[in-house]
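Colleague: turn this into a structure:
(2 chains)
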Amino acid sequence: MMGSVRYSLKAAGLMLVLLGSQPAYAGICWWGECSEMTNEFRTLELRPETIALLPARTSLTEGGVFKSENKVGETAGLEDALGNYLEKEMTKRGYTVRRLTFDEIGADPQLAELLNAANQRYDEEYNTISTFKVDDVKNRRYSIDEHGRRLAHHLGVDAVAFPRMQIVAASSGSKFMQVVGASDDKQGGINMEFALVHARTGNIEALFGAVSKSGTTTFGGISLKKILKKSDKYMKKIAATATKKMPKIDKALKPVQLDEDAKELVLYDAVDEEAVLEDLDDLLSEE
Amino acid sequence: MSVRCSWSLILVSIGASVAAWGDEMPGYQPLDKGAKAPVVKIARELEEQFVRRGIRFNDTELQETLDRVAERVVPVVADTFINYRVYLIRDPSPRALSFADGQIYVYTGLLARLENEAQLAAVLAHEAHHVAAHHHIEADRERRNLASVSGFFTFNDDDMGFGRDVFFEEIWQSEFTQDMEIAADAGAAALIGRAGYSSVAVIHALANMRKDPELTIERETASFNSSESLLVRQGRLQEVVSELPQLHVDTGLVETRPVQLRRVIEMTIDDYIRLDRPGAALALVDSLIAAQPDAFLYAAKGDSHLALGPRPVQLQQEFFNWYSGNFTREELYAKYLAMEGGSERLDFNLESATEAYDMAIQVDDTYARAYRGLGTLYYEQEDYRPAGRNYLKYLKLESDSIDRQIVLERLQHIKSELTKQKEASK
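Modeller: This is a model prediction of the structure:
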């Protein structure tokens, strides 16, 4: 009974692979570069000047014809390289970047706690965004609420960047299948996005991403060996592509007034504690 | 082939269980070239990543307990690539996992649910059996044979791991077959029996894993592997364990580490609330509050009811399938409210939350969290005067709280609303 189920599963799997429908990505961007921003991000009202760049969360898979192999140890170098280039690109655009390392996080239990909570909440939203609803970033649909704001306050920044990266390397078998035309799925590529969560709203105010799909550069996909050998080149390219439409900080420009639609948006300004608490007791005791 | 192997494992394990009180224990055969198995290599890499990413939860005293219990129950194996070591992971899910090279991880959410040391021994022995019987390696071979199918399971988002990373998917790809789980349950009964614990603790540990009204584990089991449900496993194990003499129930875990264990329990309840699993949080609170009615549990009960709002505690599987990944929390709230009985549930939960916060204050009128909860409850209902009073009290009691800025912002809003009301009434 069990055996027959397994053989059926094998057969079903084989058929789907031959149909070329094995999924390679679960990311947000599907081709080239993608960027989504709220109107207030675009018009400077909610454009951050200081950004905390979190370590990228990366999955690396060698996708073959009949098997997919996850690589774990190899991700560390790729994450570091991506962080370097994202920091460079953001700095080039005028942002002040505070890059967080795993060591720094590990040494600060409160930061680790806040970061874990924010990351979890972000993952929850990411799951929704990745279901083809990236467009709604501009409608300010996604929020990580207080978790993002607490983290940003703790770090003393205007926004926090949450990078996520999925890399699929093609095995020689899958490349062969493409060459002989048995599969049109050009496995192998890099998909990276980072969202910016603003300290004043706790919302995802912008999302930038890029896909380096193998078929555009190498017939039959990029091999794991090649990705690892040229990791610096790939990370540089993916960071540059993702930030292509990230607007620059121009301190000479003044924020525009919020339009009518945005006036309902709850924006939290720095609070003058004394002013808030003054006379509040009296006000509260009145009935 | 693999099915035959697995059944032989069951027979070995059950046989061993029955003979557990003699000198003979299940003989775990070493595996030729086991060290070269891909899962052994990946296990080493995962260990490095867990350290790098701070996924392990470090607590010296709890670690001592884990090490002590593990030492008593793990079997002796001849495989040189197996070196048993036990760690904690910060995650409220009631689960444990192991890797082929002997790493065993107990989630804080499971530890929070265990009632005694024998149940911890059962969990560790279950995982140790998986390792000693080379289940990871066998499951990985199976997966490779079925790899064209397993490729579809690449991105599993159901896990709620604290500090979870996408590389966790590697772990879930090595899910065991039901034969392996049965063998590990039976093996665990034998191993803990030999160590002097009551074998029935294996059944109790499984029962505790099921104490989650949102049934996260059950849903995952049904979705991602061929294992039987925990309930079925419990039933099967009953037959094996009933053959064995039962010893005393060891309560050592609770008696020797009350403070550390309490911290893990509180953390788990808070993690559940944060992860939008208020039903699970409430169940855990309710299981403890009668024996220990303190301010934390009452305030946590209030937080759970507040987070539940209009949602039913138990959601139907179809609803999970439907909403998963399609709606944000805010949108789901509106959907729960629109469901039949939504507004009644909201009223009930708000009332229950208020009662629970009041009880917390009754037990300890300096317990800041209860005031914050009440502040939020009234603030969300736009009842600004009591919201302001409670928030003010919270700030006075918790002057260096991490969310001071957020509470001040709300007070600013409250002030502006009350000023408007005052002016309007003139």
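Colleague: which parts of the stretch 101-250 of chain A are strands?
Modeller: Assigned by DSSP state E, counting those that start in this stretch, the strands in the stretch 101-250 of chain A fall at A:159-170, A:189-198, A:204-213.
Colleague: need the ones you listed in JSON lines with mean neighbour count, can you?
Modeller: For every residue, glycine as well, the C-beta is placed using N, CA and C. Converted to JSON lines, those look like this (neighbours: other C-beta atoms under 10 Å in any protein chain shown):
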{"stretch": "strand A:159-170", "mean neighbour count": "26"}
{"stretch": "strand A:189-198", "mean neighbour count": "27"}
{"stretch": "strand A:204-213", "mean neighbour count": "25"}
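Colleague: can I get those in a markdown table with distance to B:L374?
Modeller: Shown next, in a markdown table, are the strands of the stretch 101-250 of chain A (distance: least, C-beta to C-beta, whole Å):
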| stretch | distance to B:L374 |
| --- | --- |
| strand A:159-170 | 30 |
| strand A:189-198 | 28 |
| strand A:204-213 | 30 |
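Colleague: between the ones you listed, which one is nearest to chain B?
Modeller: strand A:159-170 (7.1 Å; C-beta to the nearest C-beta).
Colleague: which neighbouring elements make contact with the closest one?
Modeller: Contacts defined by 3 or more C-beta pairs under 8 Å, 6 or more residues apart in numbering or on different chains; DSSP states H and E place strand A:159-170 against strand A:50-53, strand A:57-63, helix A:75-92, helix A:109-129, helix A:145-155, strand A:189-198, helix A:224-229.
Colleague: would you mind finding the most buried of those?
Modeller: strand A:189-198 (a mean of 27; mean count of other C-beta atoms under 10 Å in any protein chain shown).
Colleague: and the angle from it to helix A:145-155?
Modeller: Computed with axes from the mean of the first three to the mean of the last three C-alpha atoms, to 10 degrees, the direction of strand A:189-198 lies at 80 degrees from that of helix A:145-155.
Colleague: to which secondary structure element is B:K396 assigned?
Modeller: Following DSSP states H and E, the helix or strand that holds B:K396 is helix B:384-397.
Colleague: could you export that helix as PDB, CA atoms only?
Modeller: The C-alpha coordinates for helix B:384-397 follow below in PDB (Å, rounded to 0.1, in the frame of the first residue of the first chain):
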ATOM      1  CA  TYR B 384      -9.800  57.400  26.000                       C
ATOM      2  CA  ARG B 385     -10.200  58.400  29.600                       C
ATOM      3  CA  PRO B 386      -9.700  54.900  31.200                       C
ATOM      4  CA  ALA B 387      -7.100  54.200  28.500                       C
ATOM      5  CA  GLY B 388      -5.100  57.300  29.500                       C
ATOM      6  CA  ARG B 389      -5.400  56.500  33.200                       C
ATOM      7  CA  ASN B 390      -4.100  53.000  32.700                       C
ATOM      8  CA  TYR B 391      -1.300  54.000  30.400                       C
ATOM      9  CA  LEU B 392      -0.200  56.700  32.800                       C
ATOM     10  CA  LYS B 393      -0.100  54.100  35.600                       C
ATOM     11  CA  TYR B 394       1.900  51.800  33.400                       C
ATOM     12  CA  LEU B 395       4.500  54.500  32.600                       C
ATOM     13  CA  LYS B 396       4.900  55.300  36.300                       C
ATOM     14  CA  LEU B 397       5.400  51.700  37.200                       C
END
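Colleague: helix or strand right after it?
Modeller: Downstream of helix B:384-397, the first helix or strand assigned by DSSP H and E is helix B:404-425.
Colleague: which strands or helices does that next one pack on?
Modeller: helix A:145-155, helix A:273-277, helix A:280-285, helix B:368-380, helix B:384-397.
Colleague: now it: mean pLDDT?
Modeller: In this model, helix B:404-425 carries a mean pLDDT of 88.
Colleague: and if you look at stretch B:375-384?
Modeller: Across stretch B:375-384, the per-residue pLDDT values average to 95.
Colleague: which SS class is the nearest residue to B:F99 once chain neighbours are set aside?
Modeller: Nearest-residue entry for B:F99: B:A43, 3.6 Å, with adjacent residues in sequence omitted and distances by C-beta to C-beta, 6 or more residues apart in numbering or on different chains. Following DSSP: H, G, I helix; E, B strand; the rest coil, the label given to B:A43 is helix.
Colleague: list the contacts for B:A43?
Modeller: Contacts for B:A43 (C-beta atoms under 8 Å, 6 or more residues apart in numbering or on different chains) come out as B:F99, B:A100, B:D101, B:Q103, B:H136.
Colleague: got a winner among those for most neighbours?
Modeller: The most neighbours of any of those, using other C-beta atoms under 10 Å in any protein chain shown, belong to B:A100, which has 29 neighbours.
Colleague: isn't there a helix covering that residue?
Modeller: No - judged by three-state DSSP, B:A100 forms no part of a helix; its state is coil.
Colleague: with adjacent residues omitted, what lies nearest to it?
Modeller: That would be B:H136: by C-beta to C-beta, 6+ apart, it lies 3.7 Å from B:A100.
Colleague: can you list the residues of the stretch 101-250 of chain A near chain B?
Modeller: Taking C-beta under 8 Å from any C-beta of the partner chain as the contact definition, the stretch 101-250 of chain A meets chain B at A:102, A:105-106, A:110, A:112, A:114, A:116-117, A:119-121, A:123-125, A:127-128, A:130-131, A:141-143, A:146-147, A:149-150, A:153-154, A:164, A:166.
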